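Peer 1: this one's sequence-less:
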């Protein structure tokens, strides 16, 4: 089933500790994404969690020395109802998968090789660390990423 997802991104955080401290304030059950960027604002890792208050404690890939900036994101669109075949919520998993398939971060090599099975449109909004001020910290980051599973093409 095709899906559209809106993600509100917050950051940049200049250390994994600062990212962890921010995400500890988020409620358990919040559908959350996070990403580490290396120099040049290149996406190096994308992850997901529905337990942002506890997920960041021991995270090897975020602690990688190449990661210099961090962003945390919250899915603000309503989820997909009904039964799901995995433990992870469908919209959260598809959003992570779309970001990984589009950017192909080096630390996500396992998931970036698999193809998306459905159409997805991902819209990203960025806010400062205060959570209210719209910002543009990543000018080359596409605000809309769309994958058409019928043609296998990306639009960004």
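Peer 2: Alright, I've got the coordinates. On a predicted model such as this, the values are computed, not experimentally measured, just so you know.

Peer 1: Show the contacting residues for residue 130.
Peer 2: Neighbouring residues of residue 130 by Cβ atoms under 8 Å, 6 or more residues apart in numbering: there are none. For every residue, glycine as well, the C-beta is placed using N, CA and C.

Peer 1: and what of residue 116?
Peer 2: Neighbouring residues of residue 116 by Cβ under 8 Å, 6+ apart: 94, 97-98, 101, 147, 149.

Peer 1: Try it again at 6 Å.
Peer 2: Counting by Cβ atoms under 6 Å, 6 or more residues apart in numbering, residue 116 makes contact with 97, 101, 147, 149.

Peer 1: Of those, keep whichever come out buried.
Peer 2: Buried members of the contacts of residue 116, scored by 16 or more other Cβ atoms under 10 Å, are 97, 101, 147.

Peer 1: Out of those, list just those in helices.
Peer 2: Among the buried ones among the contacts of residue 116, the ones falling in helices (DSSP state H) are 97, 101.

Peer 1: Please tabulate the buried ones among the contacts of residue 116 in CSV and include distance to residue 78 and pLDDT as additional columns.
Peer 2: Formatted as CSV, those follow (distance: Cβ to Cβ, whole Å; pLDDT from 0 to 100):
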residue, distance to residue 78, pLDDT
97, 19, 91
101, 23, 91
147, 20, 93
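
Peer 1: Adding distance to residue 36, write the buried ones among the contacts of residue 116 out as CSV.
Peer 2: Formatted as CSV, the buried ones among the contacts of residue 116 follow (distance: Cβ to Cβ, whole Å):
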residue, distance to residue 36
97, 17
101, 17
147, 22
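
Peer 1: From residue 53, how far out is residue 6?
Peer 2: Here residue 6 is placed at a distance of 22 Å from residue 53 (Cβ to Cβ, to the nearest Å).

Peer 1: Provide the backbone phi and psi angles at the residue nearest the centre of the chain.
Peer 2: By Cα atoms, centre = their mean, the chain has its centre lying nearest to residue 33, at 3.7 Å. Torsion angles at residue 33 (phi, psi; degrees, to the nearest 10) stand at phi -120, psi 160.

Peer 1: Let the chain start at 39 from now.
Peer 2: Yes, from this point I'll number from 39; that puts the last item at residue 71.

Peer 1: my guess is it meets residue 111, correct?
Peer 2: Yes. Counting by Cβ atoms under 6 Å, residue 71 touches residue 111, with 4.1 Å between them.
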